[in-house]
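In: pasting the structure only:
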């Protein structure tokens, strides 16, 4: 039975599902693509809430959240100084769940300094990004060539 995944391969949530499938060597899936640029996320089949459209950007919230992320990354820096991955010396869902958001924060939101200024976090992120499953997702999503 083919697994159907509804979403765009570029979505962070869909990316996590795809990376998990690739980690488990499951390649029998079909992506039912939702194209944000064509507004397909607004169709009745996929529309959950229009409240997101009503939100305004909040620079103060972004700044506060960036500081909070730095605090979390400081905790990770200490932990990753003791173990190779977050849950120990093995790759787990704790690590996998960070891949897509970290990629977007570093490459699209231009927050690489938050990660690069912490040597253990940077090494961890580099390991996560170099995993074959991550590379498959990035290529499938068209985020790298």
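Out: In hand now; what should we look at? Just so it is clear, the model here is predicted, and its values are computed rather than measured.

In: Quick check: end-to-end length of stretch 75-93?
Out: One end of stretch 75-93 sits 18 Å from the other (C-alpha to C-alpha, to the nearest Å).

In: In terms of helices and strands, where is the most centrally placed residue in the chain?
Out: Geometric centre of the chain, nearest residue: residue 100, 1.3 Å, by C-alpha atoms, centre = their mean. Using DSSP states H and E, residue 100 falls within helix 93-107.

In: need the next SSE after that helix, C-terminal direction.
Out: helix 112-116.

In: what comes up buried for that following helix?
Out: Applying a neighbour-count criterion of 16 or more other C-beta atoms under 10 Å, one finds 114, 115 buried in helix 112-116. The way it works is simple: take the backbone N, C-alpha and C, and place the C-beta from them, glycine included.

In: What are the contacting residues of the helix or strand just after that helix?
Out: Downstream of helix 112-116, the next assigned helix or strand under DSSP H and E is helix 119-130. Defining contact as C-beta atoms under 8 Å, 6 or more residues apart in numbering, one finds that helix 119-130 is touched by 73, 76-77, 80-81, 84-86, 95-96, 98-99, 102-103, 106, 115-116, 134-135.

In: Which pLDDT does the model give the closest residue to residue 101 other than its chain neighbours?
Out: Sequence neighbours aside, residue 12 is the residue nearest to residue 101 in space, at 5.5 Å (criterion: C-beta to C-beta, 6 or more residues apart in numbering). Here the pLDDT value assigned to residue 12 is 89.
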